[in-house]
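Undergrad: return a 3D structure for these sequence lines:
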Amino acid sequence: MLAILESGKADGIVSWHPDRLARNSVDGGKIIHFVDRGLIKSLKFPTLWFEPTPQSLFMLNIAFGQSKYFVEFSANY
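TA: Residues are numbered from 1 along each chain as shown. I've put the predicted structure just below:
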């Protein structure tokens, strides 16, 4: 998916929730970086909204951090 976005064949993502997009820091960082570079212009979720603003990027980063925490917590218990 990230390769398609980087090639310019798509400029948006439709997903159930941000935690479906990234379960580690690298993937989450790439998505944030793609938004910053303008490669991702739209992120759509059924229950959340996202706009490429500093506030939305901050909240997206928090959602990715929660996903990483859940994966690491679950792996240890």
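Undergrad: rest of the way, CA atoms for contacts and neighbours
TA: Will do.
Undergrad: what about the closest residue in space to Ile32 that isn't next to it in sequence, how many residues nearby?
TA: The spatially closest residue to Ile32, leaving aside those adjacent along the chain, is Leu57, at 7.0 Å (Cα to Cα, 6 or more residues apart in numbering). Neighbourhood size, Leu57 [other Cα atoms under 10 Å]: 18.
Undergrad: now do Leu57 against Trp49, distance only.
TA: Distance, Leu57 to Trp49, using Cα to Cα, to the nearest Å: 11 Å.
Undergrad: for the helix or strand of the chain with the lowest mean pLDDT, which residues meet the burial criterion?
TA: Among the helices and strands of the chain, helix 54-76 carries the lowest confidence by mean pLDDT, DSSP states H and E, at a mean of 89. By 16 or more other Cα atoms under 10 Å, the buried positions in helix 54-76 come out as Leu57, Leu60, Asn61, Ala63, Phe64, Gly65, Gln66, Ser67, Lys68.
Undergrad: before we move on, what about stretch 32-47?
TA: Ile32, Phe34, Val35, Leu39, Ile40, Lys41, Ser42, Leu43, Lys44.
Undergrad: want to throw those into TSV with secondary structure, distance to Asp11 and pLDDT?
TA: TSV is the format used below for the buried residues of stretch 32-47 (DSSP: H, G, I helix; E, B strand; the rest coil; distance: Cα to Cα, whole Å; pLDDT from 0 to 100):
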residue	secondary structure	distance to Asp11	pLDDT
Ile32	helix	13	94
Phe34	helix	9	96
Val35	helix	9	95
Leu39	coil	6	96
Ile40	coil	5	95
Lys41	coil	6	94
Ser42	strand	7	93
Leu43	strand	9	95
Lys44	strand	12	94
